[in-house]
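**Student:** Sequence and predicted structure below; questions after.
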Amino acid sequence: MQKSVREVIGDVLGLAPEGIAEDLSMQNAEGWDSLKHMEIVASLEDEFEITFTADEIVSITSLPAINSTLREKGIAA
Amino acid sequence: MDLEGKMAIVTGGAGGIGRRVVERLTAEGSRVAVLDLDVASLDEPAAARSDVYCRPCDISDSGQVEEAVRDVAERLGGVDVLINNAGIIRNAPLMSLQNGRFQPHDIETWDRVIATNLSGTFYVTRSVVQDMVARRTRGVIVNVSSVCAAGNPGQSAYSASKAAIEALTTVWAGELGPLRIRVAGIAPGYTQTQTTLNSMSEAVIKQWKGRTPLRRFAEIDEIAQGVLFILENDFFNGRILQLDGGLRL
């Protein structure tokens, strides 16, 4: 069964999916640094079988931005 | 990785192991850019193969490296493979006896070896990875280390530079793996290159062959074959392929 975006992010950052704030981002999430960001990117790519462009990688630094980019790729997030 | 149609950069590709790697890559159908200081030798492989672009570059100069990588990418397309092969060997103990006095390892030699072998590898990789990430290339980087990474008395700078390159291999494999860029290394033992043979006397060569269980130096092609193995095996990552004939320092 496919994981939700919250579950993917939660797995990488060690957070409970239900406790993830709507506006979670690199700016306010403890531990979401550049290295963890790459892990989040890779995990999302694996989970949803997509490839982000370099521009997308640098822009999806928050939960809303990830959801928006996934929607643009035709994924209901 | 299937090397057909790929673009590779080989530093120090004008001679020795690098040159043989260039030959193997072109035989597999890759386009190759050679970055090397040795401009005179650069003409030879360039004349021999139309799929090889040779460009002079001092990899210890970060500005030259950025310019060279940009130029290569414009001419041959994005980089899929990087072979960090360029390096220099300088033999110098920490303390040597000269004219009846102890002399410490000179700073200039230390700086030169570290600048070329270590900083050069860092500069080239930094530039190439920028290109790979921008294009989301599932690239491969091979760092050429040495059996001396374990610490070879008489080679402080060289040993330190190669040990550091092995550490960078681990670091970069961890950082770039999520982006599907592989980073691995190869640590040749003593190899029949002109650089190695010129760096030691006949007596020392004999001594090292005697210490190697197979009682010989590696053929250049055996090392190039190891590089090809790393490139073609998609699960080889973050490790150093030891090709030393069983020699342990």
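**Tutor:** Done, it's in.

**Student:** helices or strands next to the helix or strand that contains B:A33 in the packing?
**Tutor:** Assessed by DSSP states H and E, B:A33 sits inside strand B:31-36. Contacts defined by 3 or more Cβ pairs under 8 Å, 6 or more residues apart in numbering or on different chains; DSSP states H and E place strand B:31-36 against strand B:7-11, helix B:16-27, helix B:39-48, strand B:52-56, helix B:62-76. All C-beta atoms are positioned from the backbone trio N, CA, C, and that covers glycine.

**Student:** got the angle for that strand vs strand B:52-56?
**Tutor:** 20 degrees (axes from the mean of the first three to the mean of the last three Cα atoms, to 10 degrees).

**Student:** Note down every partner strand of strand B:31-36 and its orientation.
**Tutor:** Sheet pairing here is set by DSSP bridges, and for strand B:31-36 it gives strand B:7-11 (parallel), strand B:52-56 (parallel).

**Student:** Report the distance from it to the chain centre.
**Tutor:** In terms of Cα atoms, centre = their mean, to the nearest Å, the centre of strand B:31-36 is found 13 Å from the chain centre.

**Student:** ok so, going back, reformat the helices and strands packed on strand B:31-36 as JSON lines; add distance to B:A115, mean neighbour count and mean pLDDT.
**Tutor:** Listed next are these as JSON lines, based on distance: least, Cβ to Cβ, whole Å; neighbours: other Cβ atoms under 10 Å in any protein chain shown; pLDDT from 0 to 100:
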{"stretch": "strand B:7-11", "distance to B:A115": "14", "mean neighbour count": "28", "mean pLDDT": "97"}
{"stretch": "helix B:16-27", "distance to B:A115": "18", "mean neighbour count": "23", "mean pLDDT": "95"}
{"stretch": "helix B:39-48", "distance to B:A115": "19", "mean neighbour count": "14", "mean pLDDT": "60"}
{"stretch": "strand B:52-56", "distance to B:A115": "17", "mean neighbour count": "20", "mean pLDDT": "92"}
{"stretch": "helix B:62-76", "distance to B:A115": "10", "mean neighbour count": "17", "mean pLDDT": "96"}
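
**Student:** Of those, give the one that comes closest to B:R248.
**Tutor:** helix B:16-27 (20.8 Å; Cβ to Cβ).

**Student:** just checking, what packs against the closest one?
**Tutor:** Helix B:16-27 packs on strand B:7-11, strand B:31-36, helix B:39-48, strand B:81-84, helix B:220-232, going by 3+ Cβ pairs under 8 Å, 6+ apart.

**Student:** can I get the CA coordinates of the first one in CSV?
**Tutor:** Meaning strand B:7-11. The C-alpha trace of strand B:7-11 is given here as CSV (Å, rounded to 0.1, in the frame of the first residue of the first chain):
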residue,chain,number,x,y,z
MET,B,7,30.1,11.1,-21.4
ALA,B,8,33.0,10.6,-19.1
ILE,B,9,35.7,12.9,-17.6
VAL,B,10,39.0,11.3,-16.8
THR,B,11,41.5,13.5,-14.9
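
**Student:** Chain A against chain B: which residues are in contact?
**Tutor:** By the rule Cβ under 8 Å from any Cβ of the partner chain, the part of chain A lying against chain B is A:L35, A:M38, A:E39, A:V41, A:A42, A:S43, A:T51, A:F52, A:T53, A:A54, A:I57.

**Student:** hang on, the earlier thing: could you export the strands paired with strand B:31-36 as CSV, including distance to B:S119?
**Tutor:** Listed next are those as CSV, based on distance: least, Cβ to Cβ, whole Å:
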stretch, distance to B:S119
strand B:7-11, 12
strand B:52-56, 18
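
**Student:** List the residues that contact B:I83.
**Tutor:** By Cβ atoms under 8 Å, 6 or more residues apart in numbering or on different chains, B:I83 lies in contact with B:A8, B:I9, B:V10, B:T11, B:G13, B:G18, B:V21, B:I141, B:V142, B:V144, B:V227.

**Student:** what's the closest of those to A:A21?
**Tutor:** B:I141 (37.6 Å).

**Student:** Report the angle between the helix or strand containing the closest one and helix B:16-27.
**Tutor:** Assigned by DSSP H and E, B:I141 belongs to strand B:140-144. Interaxial angle, strand B:140-144 versus helix B:16-27 (the same axes, to 10 degrees): 160 degrees.

**Student:** For strand B:140-144, the averaged confidence score.
**Tutor:** In this model, strand B:140-144 has a mean pLDDT of 98.
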